[in-house]
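Participant: Give me a 3D structure for the following:
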Amino acid sequence: MHKKRSNCSTFIIGTVLLVCGIGAVWLYFFEPLKRESKALPKIVSLPLEPAVFYRHYYAALDKTLSEHLSPLGLELSEVSSHPTQKDGVGLWPQKIIEITVPEQLSQTALIDTLQKALDPFKPAVTFVVLPGIASSDFSITISISHIPSHKLKFYPYTVLNPVQKTNGRMAIIIDDMGNNYSLSMDVLGIKAALTISILPFSQYALAIAEKAHSSGHEIMLHLPMEAKNGKANSGDYQYVPGFLLTEMNDSSIATQTSKCLGAVPYIAGVNNHMGSRFTEDEGKMKIALELVKERRLFYIDSLTTEQSKGFKVAKSMGIKAGKRDIFLDNEESYLTTVNQLEQLLMLAMSRGTAIGIGHPHPSTIHAVTTMIPEFEKRGVAIVPVSKLIE
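Facilitator: Okay, here's the model as predicted:
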């Protein structure tokens, strides 16, 4: 009987000690983590309610940026905002903020300040630093759970100082026109002097050329040329009429080029569609450009390859020629296209001229339409591309 009581007491004492031990471990290891999680925002993924996300992060970021950057003597100017979505749900407008930087303030000091300001918001809030066109400017994109919320664009004081600001001109060429009538009409509805480049033999080439001409747009032939990733011998190009191929002899290239030039009315110039293989062949390009010269047209090298000989050959033949500076929509995204248009704008402001190439995507149409007031505000005019070349 005594032995049974002893065993029972031992069991009870052991159980109590085990419970106490678990409690001690919990208090030691987990309670500090709970307290820490309450002190700092730690949302890694989007919550169900976007409004909660906005309240705890977006507004807090606005306040934090102002509190940390203003004491450095920086001038912050919100120039535009663009809607951001996730899974079709509107979240917040991504703010584009231009910041003039005093000459004595280094980029390293700015980034260090921003790093300290955003540390309390980790890991939900991240940022990346991107170089600008000039060596003296750069931008920082801040994201909440990988969705952009703020873009800070830093420039030396002289670039954004109204007294120092220099007007510029830019051309925006819209390629691949002719296959989608509705989107092409949307492009022509944009209130700007866009340059329209039409694919030969495309379904709506003639109708779009007529409409563009009556609307006062400059028209180009978007001349199809062989790309490196095409397989001419296996027939990849047989369903796309008009392609110039490196396997063609001189006579075939001349004949094909002539047919393409006659397929689109009102053209003032030519640029290449694709062509990463063909434009690298100096001899083949010279044959095609001979016909461009005969018709007194200009040539714009789309630069689909860094090794393109198109611009060089055209200039050597006495043809008015230019080359693309920025592709606007390699990624079919509204925000990406807006960012590329901003780069085009700054290039035009710093250099005086800039040439961008885009396509009739809904996101591109939206981005160009949105950015036109910003171009006007900066005093940069959109002009036909022929106005920018020699």
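
Participant: who touches stretch 244-252?
Facilitator: Stretch 244-252 is contacted by residues 223-226, 232-233, 237, 253, 256-257, 275, 277-278, 281, 284, 287-288 when judged by C-beta atoms under 8 Å, 6 or more residues apart in numbering. Yep, even glycine has a C-beta here, placed from its N, CA and C like the rest.

Participant: can you give me the helices in the stretch 251-390 of the chain?
Facilitator: 282-294, 310-316, 334-351, 362-377 (DSSP state H, counting those that start in this stretch).

Participant: could you dump those to a markdown table with mean neighbour count?
Facilitator: Formatted as a markdown table, the helices of the stretch 251-390 of the chain follow (neighbours: other C-beta atoms under 10 Å):
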| stretch | mean neighbour count |
| --- | --- |
| helix 282-294 | 19 |
| helix 310-316 | 20 |
| helix 334-351 | 22 |
| helix 362-377 | 17 |
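
Participant: Any chance of those in TSV with mean pLDDT and distance to residue 114 as columns?
Facilitator: Compiled in TSV, the helices of the stretch 251-390 of the chain are given as follows (pLDDT from 0 to 100; distance: least, C-beta to C-beta, whole Å):
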stretch	mean pLDDT	distance to residue 114
helix 282-294	98	47
helix 310-316	98	40
helix 334-351	92	19
helix 362-377	93	24
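
Participant: Of the ones you listed, which is nearest residue 58?
Facilitator: Nearest of the helices of the stretch 251-390 of the chain to residue 58, taken as C-beta to C-beta: helix 334-351 at 15.8 Å.

Participant: picking that back up, which of the contacts of stretch 244-252 fall within strands?
Facilitator: The members of the contacts of stretch 244-252 that map onto strands under DSSP state E are 223, 224, 225.

Participant: Now do the contacts for the most centrally placed residue in the chain.
Facilitator: Residue closest to the average C-alpha location in the chain (C-alpha atoms, centre = their mean): residue 336, at 2.9 Å. With contact set as C-beta under 8 Å, 6+ apart, residue 336 has these partners: residue 329.

Participant: one more time with 10 Å, if that's ok
Facilitator: 328, 329, 330, 363, 364, 367 (C-beta atoms under 10 Å, 6 or more residues apart in numbering).

Participant: how about the residues you listed, which pair is most distant?
Facilitator: Going by C-beta to C-beta, the pair spanning the contacts of residue 336 furthest: 330 and 367, at 13.1 Å.

Participant: list residues touching both of these two?
Facilitator: Common neighbours of residue 330 and residue 367 (C-beta under 10 Å, 6+ apart) are 336, 337, 340, 358.

Participant: Can you pull the phi and psi angles for residue 94?
Facilitator: phi -70, psi 120 (degrees, to the nearest 10).

Participant: Quick check, it in contact with residue 151.
Facilitator: Yes. Contact status for residue 94 versus residue 151: in contact at 6.5 Å, counting by C-beta atoms under 10 Å.

Participant: quick one, strands of this protein?
Facilitator: 75-86, 89-101, 125-131, 138-144, 147-156, 168-177, 195-198, 218-225, 267-274, 298-301, 321-323, 326-327, 353-358, 380-382.

Participant: Minimum distance to residue 374: which of those strands has it?
Facilitator: Of the strands of the chain, nearest to residue 374 by C-beta to C-beta is strand 75-86, at 5.9 Å.

Participant: Give the rounded mean pLDDT of the closest one.
Facilitator: For strand 75-86, mean pLDDT rounds to 65.

Participant: what comes up buried for stretch 252-268?
Facilitator: 253, 254, 256, 257, 260, 261, 263, 264, 267, 268 (16 or more other C-beta atoms under 10 Å).

Participant: Quickly list the domain ranges of this protein.
Facilitator: Per the record, the chain has its domains at 50-160, 168-388, by automatic domain parsing.

Participant: can you tell me which of those domains the model trusts least?
Facilitator: domain 50-160 (a mean of 74).

Participant: Just the terminal-to-terminal distance for stretch 187-204.
Facilitator: 14 Å (C-alpha to C-alpha, to the nearest Å).

Participant: again but with stretch 346-361, I slipped
Facilitator: Start-to-end, stretch 346-361 (C-alpha to C-alpha) is 23 Å.

Participant: what about that stretch, distance to the chain center?
Facilitator: 12 Å (C-alpha atoms, centre = their mean, to the nearest Å).

Participant: Mind putting the strands of the chain into CSV with distance to residue 112?
Facilitator: Formatted as CSV, the strands of the chain follow (distance: least, C-beta to C-beta, whole Å):
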stretch, distance to residue 112
strand 75-86, 18
strand 89-101, 14
strand 125-131, 12
strand 138-144, 12
strand 147-156, 14
strand 168-177, 33
strand 195-198, 44
strand 218-225, 48
strand 267-274, 45
strand 298-301, 42
strand 321-323, 39
strand 326-327, 31
strand 353-358, 33
strand 380-382, 33
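
Participant: Test of understanding: give the bridge partners of residue 131.
Facilitator: Applying DSSP bridges to residue 131 gives these bridge partners: residue 138.

Participant: sorry, back to before: for the residue nearest to the centre of the chain, give its distance to residue 389.
Facilitator: 27 Å (C-beta to C-beta, to the nearest Å).

Participant: With residue 229 instead?
Facilitator: 29 Å.

Participant: Which of those two has more residues huddled nearby?
Facilitator: residue 389 (20 against 9; other C-beta atoms under 10 Å).

Participant: how about the helices of the stretch 251-390 of the chain, which one is nearest residue 68?
Facilitator: helix 334-351 (23.7 Å).

Participant: any idea how far the closest one is from the chain center?
Facilitator: On C-alpha atoms, centre = their mean, the centre of helix 334-351 falls 8 Å from that of its chain.

Participant: what angle separates that helix from strand 147-156?
Facilitator: 10 degrees (axes from the mean of the first three to the mean of the last three C-alpha atoms, to 10 degrees).

Participant: coming back round to it: highest mean neighbour count across the strands of the chain, which stretch is it?
Facilitator: strand 195-198 (a mean of 28; mean count of other C-beta atoms under 10 Å).
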